[in-house]
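In: this is the structure alone, sequence omitted:
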């Protein structure tokens, strides 16, 4: 089989590898589609501290189960599945309190273990989620990105009365917009970014108001309109955002951080306790695949609004470079396998 392998930073190879055989409790998936994420680019460029090389990247992928390991029910053969990349032990403290996404021995497909940018992949059977026939392939491959939004919203339980502010109109910000508007019916969702074309994408995903903060003050604009956000999501992931969010937030608001920056954020503690703000962080997803599959079945979210490009996997280098360089027109890029 052919696999996309990052041999070392900036060295990508489409390699011929043996067809994998599923072990006990595993299934083999014949990959149909995979999605490119920022973390794939980071591994390719050597900027992901968790990655080990060589590595088959890819943690957003969909396909059909074509082989079963010992102990896996026969009726799973031939199922269309989206794969949850989060592999956890199930018995450590985080797992015991419903946070397998921060398991003490966490393994993420495509990061710590070979992932889905391949013609076939072997994964734990419990990580391969059956996709109903009513959900098309190109929506099924988008389940994992939307689980990021499901994890964020699961922390803060949005209501229709919320006024939400989202920093960043990249893929993670846009899936969160769709969840807030489509699933939770939040009355006002504001998106701030520095790229006008990305803000147009946010409008298409349901944002009520967008703001380009490249040259204008967000704080001044919100004050002029008398807006104090009750829910703030940092999907832009810059260290300076936390203090601004604390300043802008309504008393009693919730703030969610999605970033992995190693740079320090300087904050004033009084701003948090004076308004009794709740600050959450969100990483990957904690058992959110069935949640997103349900959203798709009910038509509450629309992945088509995010998918902008598709490439045959042989052109993966072109696809990653487009993803990296064209932030104005490019959002989600899909790779096709075996089509």
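Out: Yes, it's here. Everything quoted here is computed from the prediction, not taken from an experiment. Residues are numbered from 1 along each chain as shown.

In: residue 175 falls within a helix, correct?
Out: Yes: applying DSSP: H, G, I helix; E, B strand; the rest coil, one finds residue 175 inside a helix.

In: contact partners for the closest residue to it other than its chain neighbours?
Out: Residue nearest to residue 175 in three dimensions, not counting chain neighbours: residue 149, with 4.1 Å by Cβ to Cβ, 6 or more residues apart in numbering. Quick note: C-beta positions are derived from backbone N, CA and C, even for glycine. By Cβ atoms under 8 Å, 6 or more residues apart in numbering, the residues touching residue 149 are 172, 175-176, 178-179.

In: so after the longest strand seen in the chain, what's the next helix or strand?
Out: Longest among the strand segments of the chain by residue count, using DSSP state E, is strand 26-36. For strand 26-36, the succeeding helix or strand toward the C-terminus, using DSSP states H and E, is helix 38-45.

In: quick one: contacts of that next one?
Out: 6, 9-10, 12, 48, 51, 55, 57-59, 110-111, 117, 170-171, 320, 323-324.

In: for PyMOL, write the selection for the buried entries among those.
Out: In PyMOL, this line selects whichever of the contacts of helix 38-45 come out buried by 16 or more other Cβ atoms under 10 Å:
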select buried, resi 6+12+48+51+55+57+58+59+110+111+117+170+171+320+323
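
In: now, the contacts of helix 38-45 that are in strands?
Out: 6, 12, 55.

In: closest to residue 86 out of those?
Out: Taking Cβ to Cβ as the measure, residue 55 is the one of these closest to residue 86, at 16.7 Å.

In: ok, what's across the strand from the closest one?
Out: residue 6 (DSSP bridges).

In: contacting residues around it?
Out: Residue 55 neighbours (Cβ under 8 Å, 6+ apart): 5-6, 43, 110-111, 114-115.

In: the protein: helices as residue ranges?
Out: 38-45, 93-96, 137-140, 143-156, 171-178, 196-204, 218-225, 241-248, 269-273, 289-298, 316-325 (DSSP state H).

In: spatially nearest residue to residue 264 (excluding sequence neighbours)?
Out: Nearest residue to residue 264 in three dimensions, chain neighbours excluded: residue 239, at 6.5 Å (Cβ to Cβ, 6+ apart).

In: number of residues surrounding the one you found?
Out: 15 (other Cβ atoms under 10 Å).

In: gap between it and residue 291?
Out: From residue 239 across to residue 291, the span is 30 Å (Cβ to Cβ, to the nearest Å).

In: from the contacts of residue 55, which is closest to residue 71?
Out: With Cβ to Cβ as the yardstick, the closest approach to residue 71 among the contacts of residue 55 comes from residue 114, at 21.8 Å.

In: quick one, what contacts the nearest residue to that closest one once chain neighbours are set aside?
Out: Counting by Cβ to Cβ, 6+ apart, residue 56 is the residue found nearest to residue 114 once chain neighbours are left out, at 3.8 Å. Counting by Cβ under 8 Å, 6+ apart, residue 56 touches 3-6, 110, 114-118, 121.

In: same thing but 7 Å
Out: 3-5, 114-115, 117-118 (Cβ atoms under 7 Å, 6 or more residues apart in numbering).

In: what about the residue nearest to the spatial centre of the chain, distance to residue 110?
Out: For the chain, the residue nearest the mean C-alpha position is residue 145 (3.3 Å; Cα atoms, centre = their mean). From residue 145 across to residue 110, the span is 13 Å (Cβ to Cβ).

In: turn the helices of the chain into TSV, columns for mean pLDDT.
Out: Listed next are these as TSV, based on pLDDT from 0 to 100:
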stretch	mean pLDDT
helix 38-45	96
helix 93-96	98
helix 137-140	98
helix 143-156	98
helix 171-178	98
helix 196-204	98
helix 218-225	98
helix 241-248	97
helix 269-273	97
helix 289-298	98
helix 316-325	98
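
In: pick the most buried one from those helices.
Out: Most buried of the helices of the chain, by mean neighbour count (mean count of other Cβ atoms under 10 Å): helix 171-178, with a mean of 27.

In: who are the contact partners of the residue nearest to residue 264?
Out: With Cβ under 7 Å, 6+ apart, residue 239 has these contacts: 261, 263-265.

In: from those residues, which two are the most distant?
Out: 261 and 264 (8.8 Å).

In: between these two, which one's more packed in?
Out: Remark: of residue 261 and residue 264, residue 261 carries more neighbours, 13 against 7, as counted by other Cβ under 10 Å.

In: so what's the more buried one up against?
Out: Counted by Cβ under 7 Å, 6+ apart, residue 261 has contacts 237, 239.

In: any figure for the gap between it and residue 230?
Out: Relative to residue 230, residue 261 is positioned 25 Å away (criterion: Cβ to Cβ).
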